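# okay, here's the prediction I keep looking at, along with the sequence it came from:
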Amino acid sequence: MVLRRDAAADGFAEGLSMKVAFIGLGVMGFPMAGHLAAAGHDVMVFNRSPEKARAWTEKHKGAMAQTVVDAARGAEMVAMCVGNDNDVRALVPDILAAMAPGGAIVDHTTTSAVVARDMSKLTAAASRYFIDAPVSGGQVGAENGALTVMAGGDEAALERVRPVLMSYSKAITRIGESGAGQLAKMVNQICIAGVVQGLAEAMNFTKHAGLDPALVLAAVSQGAAGSWQMSNRWPTMAEGKFDFGFAVDWMRKDLGLTLDEAKRNGAQLEMTALVDGYYAEVQALGGNRWDTSSLVARLK
């Protein structure tokens, strides 16, 4: 059972579906919006390149809009999965002008905490809600409907849309007020950067030592060194395959946001800054769109 706006009241009542707009149909947004449609929600999608929107409507039950305003018109929830802070700042005013009163904008874009707080103030002034809700789990998690959502914003508003978000999520955690979801995503990226660099050096050592990477994986992954990254990226790192997954360009954007926030709050992120520099070296190798596990490519 999900939530539907009661036309006679400013709130949500239990019903069969929700009127949802989804903005941004990239490698994450495309399957996420698909899960919403499969769950029975009334979904309208918008993408800057209409070809992706048309491809989505051919695959899923739903409709496409020619503009953001058309997509958001009357929507009870508008989900966004776009590029960066500037995209979010540009889209929100148009969405607010069109969506239903009391509705919620759920932003799955990884942005700064600053923009999340600014957009929350803007939406509150228009009697709407803004929830910063970055995700972890990558393309595979999006396709399998198993994303982890880190949320910041009004607690009651999040609870209203939680059943809808569960269409593509396995866990949704409210971290705190506006911006807290983005800060938690930064923690996530700090952890990933350190783990992947460790795996890159471990793989480099494995090969220099003349060991079989498959046997090392079988042994080490069962102990304290085991991780999602090891289980899912070690084999492809051994083969030098990186044409998939979360792109280096995206990781550098995220780490840039994280390092900027650390300057504001005083956190020491020496390892994160170091790994960000290593990713710059991967970009120089032409690996802008390689998976983040391509850190191993810079090691000879």
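Looks like it arrived, so ask away.

# partner residues bridging the residue most central in space within the chain?
What sits nearest the mean C-alpha location of the chain, by C-alpha atoms, centre = their mean, is residue 135, with 3.7 Å. Taking DSSP bridges, one obtains residue 149 as the residues bridged to residue 135.

# contacts only, for it.
By C-beta atoms under 8 Å, 6 or more residues apart in numbering, the contact set of residue 135 is 28, 108, 141, 142, 147, 148, 149, 150, 169. Backbone N, C-alpha and C define where each C-beta goes, glycine included.

# list only buried entries from the residues you listed.
28, 108, 141, 142, 147, 148, 149, 150, 169 (16 or more other C-beta atoms under 10 Å).

# okay, the contacts of residue 135 in JSON lines with distance to residue 67 next?
Formatted as JSON lines, the contacts of residue 135 follow (distance: C-beta to C-beta, whole Å):
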{"residue": "28", "distance to residue 67": "22"}
{"residue": "108", "distance to residue 67": "20"}
{"residue": "141", "distance to residue 67": "30"}
{"residue": "142", "distance to residue 67": "25"}
{"residue": "147", "distance to residue 67": "27"}
{"residue": "148", "distance to residue 67": "32"}
{"residue": "149", "distance to residue 67": "27"}
{"residue": "150", "distance to residue 67": "30"}
{"residue": "169", "distance to residue 67": "28"}
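
# which of those residues sits closest to residue 208?
Of all the contacts of residue 135, residue 141 has the smallest distance to residue 208: 33.3 Å, by C-beta to C-beta.

# name the residues that touch the helix or strand that that closest one is a member of?
For residue 141, the host element (DSSP states H and E) is helix 138-143. By C-beta under 8 Å, 6+ apart, the residues outside helix 138-143 that reach it are 27-32, 135, 147-148, 168, 170, 244-246.

# which two in these are spaced the farthest apart?
That would be 170 and 244, which, of these, are the farthest apart (C-beta to C-beta) at 21.2 Å.

# all strands for the stretch 101-250 of the chain, in order.
104-107, 129-132, 135-136, 147-152, 169-176 (DSSP state E, counting those that start in this stretch).

# ok, the first one: who's next to it in the sheet?
Paired neighbours of strand 104-107 in the sheet (DSSP bridges): strand 77-80 (parallel), strand 129-132 (parallel).

# next secondary structure after the first one?
To tie it back to what came earlier, the one meant is strand 77-80. Using DSSP H and E, the next helix or strand after strand 77-80 towards the C-terminus is helix 85-98.

# could I get the average pLDDT for that next one?
Across helix 85-98, the average pLDDT comes to 98.

# now do that helix: distance to the chain's middle.
18 Å (C-alpha atoms, centre = their mean, to the nearest Å).

# extract the CA atoms of the helix holding residue 141 and return them as PDB.
Output of helix 138-143 as PDB, limited to C-alpha atoms (Å, rounded to 0.1, in the frame of the first residue of the first chain):
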ATOM      1  CA  GLY A 138      25.400   1.900  -8.200                       C
ATOM      2  CA  GLN A 139      23.800   0.900 -11.400                       C
ATOM      3  CA  VAL A 140      23.300  -2.700 -10.300                       C
ATOM      4  CA  GLY A 141      21.500  -1.500  -7.200                       C
ATOM      5  CA  ALA A 142      19.300   0.800  -9.200                       C
ATOM      6  CA  GLU A 143      18.400  -2.000 -11.700                       C
END
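
# residue 282 is in contact with residue 248, correct?
Yes - contact criterion C-beta atoms under 8 Å: residue 248 and residue 282 qualify, at 5.3 Å.

# where's the nearest residue to residue 155 once chain neighbours are set aside relative to residue 183, distance?
Nearest residue to residue 155, sequence neighbours excluded (C-beta to C-beta, 6 or more residues apart in numbering): residue 174, at 6.1 Å. Using C-beta to C-beta, to the nearest Å, residue 174 is found at 13 Å from residue 183.

# that's all I had, so thanks and see you.
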